[in-house]
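Trainee: Curious how this folds, go ahead:
(one chain, ligands or ions: 3)
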Amino acid sequence: MSERPASQPANRSEQPSLEQLVERRFSRRQLIGGALSFAAVASLPRTAAAAGVADTAKATTRTAGKSTLMFDEVDNHIRDAHQVSPGYTADVLIRWGDPTVGKDAPDFDPDRQTGAAQEKQFGAHNDFIAFMPLPRGSKNSDHGLLCVNHEYTSGELMWRGVHPVLLDAEQTKVEMAAQGHSITEIRKVDGHWTFVRGSNFNRRFTANTPIDIGGPARGHGRMKTSADPTGTRVLGTFANCCGGTTPWGTVLSAEENFQDYFAGRPGRDADLNSLRRYGLGAPGYGWARHVERFRLDRDSQEPNRFGWIVEIDPYDPTATPIKRTALGRFRHEGACVTLTSDNRVVVYSGDDQAYEYVYRFVSNGRFDPDNPRANLDLLDDGTLYVARFDASGKGEWLPLVHGQGPLTSKNGFHCQADVVIDARLAADAVGATPMDRPEDIAVHPHTGKVYVALTKNSTRSADRVDAANPRAAVPGGHILEIEPPEVDGSRDHAAQALEWNILLLAGDPNIEEHETRYHPDTSHNGWFYAPDNLEFDAKGRLWISTDQGSDQVLHGVPDGIRACDTEGEGRALTKLFFACPPGAEACGPCFTPDDKTLFVAVQHPGEGWTLDNPRTLWPDYQAGMPPRSAVVAITKDDGSVIGD
Ligand code: FEO
Ligand code: CA
Ligand code: CA
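Mentor: Ligands and ions are numbered 1, 2, ... in the order given. Purely as a prediction, here's the structure:
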């Protein structure tokens, strides 16, 4: 999602962090083997877009030698179409409004859209993608369940002549049904993917779907509302951004900008300190005009029931999703899952707002591949941590446990439920490092190193720069590399100690103030702004999606998918593989187990314009049809592994 006011800091701590008091530095080590100096990148040619050159179909640039990624780059230039590397095909698989659920799912009719229709159709603004092979437990790469988050809605691109916060009651129903998550059966037939309309697996989860509450906040007084006096079941999930998958075959969906949906003056019993810390009170949507539970004067505790990780079993069409409160409440970008060597479950998650934190959960129980029932509630019991990154290149995972350190009744934490509901306040109290908008996190499949996308922080001032966030107000963002300690030859993802480094500093290498750091061989197509989602392929190459938000117009370069090695000679040598149409960002990305299909969610084409005055009509290009977010399936024309 764009950097709207919601991305501005809510962390008002006046206390300078330790990092702010130490000398500014990029890293304790040489960056990206060969340490590219600005002088080196300054000689790179400007992109056609940055130089204001007309949109000629410029030839692709093959980077010589060092990268293991063999594809030719596409042009770093916005066009009214998506672009994919030559020799690959990107087919539109499924779009907002496509009928999926039940045999009676109605065809999309943008002039007569209703909430009831939307509940049976693919949602809006697709973000996270998981491909879950069918049957469960297989590595099938031709048949599976496409599990997709629907992050938000843009009323001005759905209807003509509307103001997004002044929608009528039916339009609000459409919005509430268009967010959440979807499960859709898909198949690859004759090399092309299609979705199975009316499959029994197909489901939609919306802002009205009943969802259970698990973990330490379940049943706590602060989770109770007039509609749910037990505090155990909530209506809906929305603002679902990125996510993750578990080894036991479930999907984790991250509730991110939940604060945008609540409005009104909080009631007298409201916990104002908590509401403020989560940035409530500045709604971006008009849902509270039509649905009482979004009014803070009626239900000031309803927001406590959002901002969680939701676990969904896509293989069981009857399963009720569960909000896993042990993982903490914040603007969860995603949920990156890995295992310790003794099979405890580790979930990394960023809190996407300026000056917020990077978190980690470690389960107490162990994943047992031979006993699926034993895995069902692993995410309800464990320890939540938050990261501190020291200028020395070391750091620590700080436990957020009631009764430990400052997390006591004296400071307002009366039990673990208070700690997880107010995870931000708990993280403030233990001295976590405020970061440049933590987005997605990925673990390298072979090295066990952890990569964190820090998309940017336009509000970071020079006096708040620190070693792990080394630039003030640069729109580029960066990617942090965390090295858990090695124990008996494997990374210990449960250790409290960590070491960290910076993989790259993004931005335009032609602009000196951006102080970018890429591999010296990075082409004029390969650099980028604002890393968002991260995904590794089986060979350990990092695929990076970008989200410049409204800065895309200013920068003149497309959002899309870049890829690079993180080890060896091609470390941080990013290459542009896929470029989005105007106004869109790339999300997902997600590989099939054989790495022969890459799914990419093209989100909000035409954002920044309106349906009255659209910038693009991607992907249909039909009069009367709005621009629609859609998932594309990318395959190599010779059928081999993507990137090879
Ligand atoms: Fe929804 Fe942090 O991007
Ligand atoms: Ca995004
Ligand atoms: Ca994101």
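Trainee: quick one: Cys241 from Gly477, how far?
Mentor: 16 Å (CB to CB, to the nearest Å). C-beta coordinates here come from the backbone N, C-alpha and C atoms, glycine included.
Trainee: Around Val487, count how many other residues there are.
Mentor: For Val487, the number of neighbouring residues by other CB atoms under 10 Å comes to 12.
Trainee: can you tell me the residue of the stretch 101-250 of the chain closest to ligand 1?
Mentor: Cys241 (3.4 Å; CB to the nearest ligand atom).
Trainee: That residue contacts Ile129, doesn't it?
Mentor: No. Here Cys241 lies out of contact with Ile129, judged by CB atoms under 8 Å, at a distance of 12.0 Å.
Trainee: Need the overlap of contacts for the two.
Mentor: Common neighbours of Cys241 and Ile129, using CB atoms under 8 Å, 6 or more residues apart in numbering, are Asn149.
Trainee: okay, these two: which has more neighbours?
Mentor: Cys241 (27 against 24).
Trainee: contacting residues for the closest residue to that one other than its chain neighbours?
Mentor: Excluding the flanking residues, the one nearest Cys241 by CB to CB, 6 or more residues apart in numbering is Glu256, at 3.8 Å. The neighbours of Glu256, taking CB under 8 Å, 6+ apart as the test, are Met1, Glu151, Ala239, Asn240, Cys241, Cys242, Arg331, His332, Glu333, Asp352.
Trainee: Just the CA trace of the helix or strand harbouring the fifth one, in CSV.
Mentor: Of the helices and strands defined by DSSP states H and E, Cys241 is found in strand 240-245. Taking C-alpha atoms only, strand 240-245 is exported to CSV below (Å, rounded to 0.1, in the frame of the first residue of the first chain):
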residue,chain,number,x,y,z
ASN,A,240,-4.5,-8.5,4.8
CYS,A,241,-1.1,-7.7,3.4
CYS,A,242,1.6,-10.3,3.2
GLY,A,243,1.7,-13.7,4.9
GLY,A,244,3.4,-17.1,5.1
THR,A,245,2.9,-20.8,5.1
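Trainee: Next, the buried residues of it.
Mentor: Asn240, Cys241, Cys242, Gly243, Gly244, Thr245 (16 or more other CB atoms under 10 Å).
Trainee: from the residues you listed, which is closest to Val632?
Mentor: Checking the buried residues of strand 240-245 against Val632 by CB to CB gives Cys242 as the nearest, at 17.6 Å.
Trainee: I'd say the closest one and Asn126 touch.
Mentor: No. Look at Cys242 against Asn126 with CB under 8 Å: they stay out of range, at 11.4 Å.
Trainee: Name the residues contacting each of those two.
Mentor: Shared contacts of Cys242 and Asn126, counting by CB under 8 Å, 6+ apart, come down to Asn149, Cys587.
Trainee: thinking again about what came up before, which among the contacts of Glu256 gets closest to Val310?
Mentor: Asn240 (7.5 Å).
Trainee: which residues sit in contact with the closest one?
Mentor: By CB under 8 Å, 6+ apart, Asn240 lies in contact with 127-128, 149-151, 179-181, 253-256, 310.
Trainee: which one is it nearest to, not counting chain neighbours?
Mentor: Nearest one to Asn240, counting by CB to CB, 6+ apart, is Asn149 at 3.8 Å.
Trainee: Bridge partners for the one you found, pull those for me.
Mentor: His181 (DSSP bridges).
Trainee: What count of nearby residues applies to it?
Mentor: Neighbour number of Asn149 under other CB under 10 Å is 33.
Trainee: Was I right to think it contacts Ala124?
Mentor: No. Using CB under 8 Å, Asn149 makes no contact with Ala124, being 10.7 Å away.
Trainee: which residues does Asp565 bridge with?
Mentor: Beta-bridge partners of Asp565, as defined by DSSP bridges: Arg571.
Trainee: so it touches Leu69, yeah?
Mentor: Yes. Between Asp565 and Leu69 there is a contact under CB under 8 Å: 7.2 Å.
Trainee: Need the overlap of contacts for the two.
Mentor: Joint contacts of Asp565 and Leu69 (CB under 8 Å, 6+ apart) are Arg541.
Trainee: what are the phi and psi values for the residue lying closest to Gln113 once chain neighbours are set aside?
Mentor: Nearest in space to Gln113, with sequence neighbours left out and distances taken as CB to CB, 6+ apart, is Val174 at 5.4 Å. Reported as degrees, to the nearest 10, the phi and psi values for Val174 are phi -60, psi -50.
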